[in-house]
Each structure stands twice: as structure tokens, then as C-alpha cells.
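Engineer: Just a sequence and a predicted model for now, questions to come.
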Amino acid sequence: MKRIVVIFLCVFVILSTVVFFGCDSKNKSKMPEDLLENELDIGNDIDQDIDIIEDIGEGEDESLDQESAQPALALSRYKVQATTTVNIRSQASSSSQVLGQLNSFDTLPLIAKAGNWYQVYYNNTPAYVSASYANLVEWSNHTDQLVTGLEVQALTTVNIRQEPSSSSAVLGKLNRLEHLPLVAEYSRDWREVIYQGKKAYVSANPEYTRVFDPEKNKALIDNIIAEGKKVLGVPYEYGAQRLHFNGKLNPKFTGKTFDCSSFVQYAFYMGANIILQADSRSQSREGILIHEHELEAGDLIFMWSSARRYNTGIERIGHVVIYIGDNKILHTWGTGGVRIQEYSSGWRERFILARRML
């Protein structure tokens with residue numbers, strides 16, 4: 001009897017195992033692949049999410065660094081300078097949208113060379129200029145920080161402030177004629193600049209600072225001097241015809257003779273399309289006043305002449321010359337006409353004032 005009971009229990013256990021675990025086996029035979037796929041997908045998503053989170057984390061760290069050091073766009077050591085009026089395009093294609101124009105001698109920061117195109121920084125975004133109509137020029141004040149390509153120059157000693165407010169902390173001083181990269185015209189009263197790798201602010205008062213492009217100015221000055229040299233030897237004539245009066249071309253101008261102020265007017269107009277007044281006394285009121293020890297190529301020096309030596313004020317001015325660097329001046333007077341001479345002690349003693357027109 002005991003044997004029968006034991007056999008019965010064994011058969012029951014076997015049948016139960018088949019019924020219950022057999023169903024579970026069937027389910028497992030269908031599901032593992034699906035489950036495995038889902039688990040792998042989920043796993044990949046998790047990995048991707050982790051990568052994204054890591055990227056965001058790195059981006060946040062970079063943005064913090066950028067906020068302090070401003071490397072928002074890595075620029076090269078060069079600018080792109082137009083050789084004629086050229087379109088600025090949205091893509092490296094002559095059929096792409098025209099965003100603006102770059103005039104002769106104007107510059108934009110270079111990002112990279114892209115085939116026959118230069119990728120430049122224009123209006124806070126990358127753009128393109130044809131390499132056929134532009135050259136590369138090296139920055140005079142290179143920085144890796146995000147900039148406009150322009151410089152803010154001090155016309156007197158000005159404070160560099162942490163924020164655009166006269167009550168903000170002073171970070172340093174910008175001395176007369178020193179300059180810093182312009183980031184933006186922040187407001188009517190303030191200019192945003194890069195100072196020691198960080199954003200800072202200086203006054204936008206035109207009596208204190210000005211914005212200029214040193215590479216463009218250098219190209220224009222070189223052109224002015226080149227145009228002046230083209231007429232070396234042209235005879236001097238007191239009261240010679242001017243190229244223009246108040247911006248209107250003079251039909252009587254021939255270019256066969258010059259006096260000092262008509263020569264300077266001619267060189268500046270032909271070389272840089274800058275219209276100066278017709279006589280040296282009027283010209284001496286234009287541009288930025290420069291001390292003699294601050295002279296650079298392209299500056300104008302105003303002197304007294306024998307006939308005006310004992311006059312007072314601006315009426316003492318009777319001669320103007322173009323300083324061309326290396327202690328040399330380009331001008332015209334007397335026999336020999338247009339010439340280059342040393343800025344010797346004889347000329348220096350006649351110095352009254354100097355002006356920078358660019």
C-alpha cells in the first residue's frame with residue numbers, strides 16, 4: 001500500500017512539473033529575443049543619454065569658461081581684406097544669399113579658408129567672401145577671443161570697467177592711442193571690449209574713444225603715400241588748382257602743378273577717397289590731434305612758413321606735409337616740387353601741430 005502511495009505521488013509531481021513549468025518554458029521560448037532586443041535598445045538609449053549628459057556637462061563647463069575667457073569662436077591670426085567691392089554670402093557659393101558687401105580695403109575676421117572662399121565672421125555669424133576679390137592681412141592686435149575685427153582706441157586715458165556703468169569696478173586703464181578689440185557697441189554710452197581675455201567696457205563718448213580698423217587704415221595710408229609718390233617731381237605753384245572744393249570736383253584741375261595743401265588733398269582723395277579741405281589752415285582742424293612724438297605714417301604735420309611765422313593762432317600755419325615714417329616727409333615746395341625729405345631739425349623747428357586723418 002505504501003508503495004502504491006509513493007508511486008502515485010511521484011506521478012503527480014511529474015505531471016505537475018510538465019503542466020506548470022512546461023507553460024513557462026513555452027513563454028520563455030517566445031520572449032527572450034524580444035526582451036533582449038528591448039533591453040539592448042534601452043541599454044543603448046541609456047548609453048546615449050549618458051553621452052549626451054556628459055556632453056552637456058562638458059558644454060556647461062565650457063560655457064562657464066567662455067563666459068570668463070570668451071573663446072566663443074576661434075579665429076585665425078588673419079583678416080580678409082577686400083580688393084574691390086565684394087558680396088558677403090551665406091554659403092560658399094556665388095548663388096547663395098547676399099548678406100552684405102565688403103568695400104575696398106574693408107576687413108572681416110577670417111575663420112578659415114574654404115576652397116576658393118574665405119569663411120569670415122560677419123554680424124555675429126560665419127559668412128563667406130570670394131578669395132578672388134580679397135587678400136589676407138595679419139592682425140595688428142591678434143586675439144583668439146570673439147571680436148568684430150575692429151579696435152576701440154583711446155583718445156585720452158580712459159577707465160576699463162567690469163560692467164557698463166561708471167560706478168562699476170575699474171579693471172585697468174587704456175592710455176591715449178592704445179586700443180583693444182571691439183566686441184560690440186553695447187549702448188550709446190558704452191563699448192564692449194576684450195581686456196585680458198575677458199569682456200570689459202569703456203566709454204563710447206567720442207571725445208574719449210573711437211572705433212577704427214587698423215588693417216584697413218594701414219592699407220589706405222600705404223595707398224595715399226603711393227599716390228603721392230606717383231607725382232614726385234611735379235612742379236610747385238603757389239595757389240595751384242585744387243582737385244575739389246567742398247567735395248565738388250574742380251573742372252579746372254589738371255594735376256600739372258601743386259602747392260602743399262593741394263598736393264595733400266590730392267594724395268588723400270586719390271589714395272583713400274578722403275575729402276580734405278582746400279587749404280592747410282582748414283585741414284589742420286580735421287582729424288585727431290597728434291603730439292610730435294606720436295607721429296606715424298600718414299599723419300599730417302602743419303608748420304609755419306616764413307610769411308606767416310609771426311602770425312598768431314591757426315594763421316601761423318603756412319605749410320603741410322605727409323609724414324611717411326622713418327623720419328621722412330612727403331610734400332611740395334619751391335624748386336623741385338613734390339619730393340621726399342628727411343624730417344630734419346630745420347623742418348622740426350617749424351612744427352605747430354599734427355593731425356591723424358584715419
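Structural biologist: That came through, no problem.
Engineer: what about Phe253, which SS state?
Structural biologist: Put simply, Phe253 is coil when judged by DSSP: H, G, I helix; E, B strand; the rest coil.
Engineer: can you count the residues close to it?
Structural biologist: Residues within reach of Phe253, counting by other C-beta atoms under 10 Å, total 15. Where C-beta positions appear, they are placed from N, C-alpha and C, glycine not excepted.
Engineer: my guess is it meets Gln241, correct?
Structural biologist: Yes. Under the contact definition of C-beta atoms under 8 Å, Phe253 touches Gln241, with a separation of 4.7 Å.
Engineer: what sits against Lys173?
Structural biologist: When the contact criterion is C-beta atoms under 8 Å, 6 or more residues apart in numbering, the partners of Lys173 are 157-160.
Engineer: Filter those residues down to the ones in strands?
Structural biologist: The subset of these located in strands under the criterion DSSP state E comprises 158-160.
Engineer: residues contacting the nearest residue in space to Gly334 that is not next to it in sequence?
Structural biologist: Once flanking residues are discounted, Gly334 sits nearest to Tyr236: 5.8 Å by C-beta to C-beta, 6 or more residues apart in numbering. For Tyr236, the contact set (C-beta under 8 Å, 6+ apart) comprises 257-259, 332-338.
Engineer: Tyr236 bridge partners, please.
Structural biologist: Applying DSSP bridges to Tyr236 gives these bridge partners: Phe258.
Engineer: Distance of it relative to Ala112?
Structural biologist: Using C-beta to C-beta, to the nearest Å, Tyr236 is found at 51 Å from Ala112.
Engineer: Also Glu178?
Structural biologist: The spacing between Glu178 and Ala112, counted by C-beta to C-beta, is 30 Å.
Engineer: Ile274 now?
Structural biologist: For Ile274, the distance to Ala112 under the criterion C-beta to C-beta works out to 33 Å.
Engineer: Between those two, which is the more surrounded one?
Structural biologist: Here Ile274 and Ala112 are compared on neighbour count by other C-beta under 10 Å; more neighbours surround Ile274, at 16 against 12.
Engineer: In terms of helices and strands, where is the more buried one?
Structural biologist: Taking DSSP states H and E as the definition, one finds Ile274 inside no helix or strand.
Engineer: which phi and psi does the closest residue to it other than its chain neighbours have?
Structural biologist: Closest residue to Ile274 in three dimensions, ignoring its sequence neighbours and counting by C-beta to C-beta, 6+ apart: Phe268, at 4.4 Å. Summarising the backbone geometry of Phe268 under the convention degrees, to the nearest 10, its torsions are phi -70, psi -40.
Engineer: isn't Phe268 right next to Ile225, touching?
Structural biologist: No. Judged on C-beta under 8 Å, Phe268 makes no contact with Ile225 at a distance of 10.4 Å.
Engineer: and Lys216, what helix or strand is that in?
Structural biologist: Using DSSP H and E, the element containing Lys216 is helix 214-230.
Engineer: after that helix, next one along is what?
Structural biologist: Scanning forward in sequence from helix 214-230 by DSSP H and E, the next helix or strand is strand 244-245.
Engineer: and Asn87, how many residues sit next to it?
Structural biologist: Other residues within reach of Asn87, judged by other C-beta under 10 Å, total 17.
Engineer: give me the number of residues near the residue nearest to it when sequence neighbours are not counted?
Structural biologist: With C-beta to C-beta, 6+ apart as the criterion, Asn87 has its nearest non-adjacent residue at 4.8 Å, and that residue is Val98. Using other C-beta under 10 Å, the number of residues around Val98 comes to 11.
Engineer: For Val98, give its distance to Asp106.
Structural biologist: Using C-beta to C-beta, one obtains 15 Å as the distance from Val98 to Asp106.
Engineer: same thing with Ser130?
Structural biologist: The gap separating Ser130 from Asp106 is 14 Å, by C-beta to C-beta.
Engineer: what's the answer for Ile329, then?
Structural biologist: Ile329 is 29 Å from Asp106, where distance means C-beta to C-beta.
Engineer: cool, and Leu182?
Structural biologist: With distances defined as C-beta to C-beta, the gap from Leu182 to Asp106 amounts to 15 Å.
Engineer: One more: Glu292?
Structural biologist: To Asp106, Glu292 is 31 Å away according to C-beta to C-beta.
Engineer: These two: which is more packed in?
Structural biologist: Neighbours of Glu292 and Asp106, each counted by other C-beta under 10 Å, are more numerous for Asp106; the result is 20 against 14.
Engineer: residues in contact with the nearest residue to that one once chain neighbours are set aside?
Structural biologist: The shortest distance from Asp106 to any residue other than its chain neighbours is 5.3 Å, reached at Ala82 (C-beta to C-beta, 6+ apart). If you count contacts by C-beta under 8 Å, 6+ apart, Ala82 has them with 102-107, 129, 133-134.
Engineer: again with Tyr186
Structural biologist: By C-beta under 8 Å, 6+ apart, the contact set of Tyr186 is 164, 192, 201, 204.
Engineer: Tell me, how many residues neighbour Thr335?
Structural biologist: 7.
Engineer: how near is the closest residue to it other than its chain neighbours to Gly149?
Structural biologist: Closest residue in space to Thr335, ignoring its immediate chain neighbours: Tyr236 at 7.5 Å, by C-beta to C-beta, 6+ apart. Counting by C-beta to C-beta, the gap from Tyr236 to Gly149 is 41 Å.
Engineer: State the distance from Gly239 to Leu108.
Structural biologist: The separation that Gly239 has from Leu108, given C-beta to C-beta, amounts to 44 Å.
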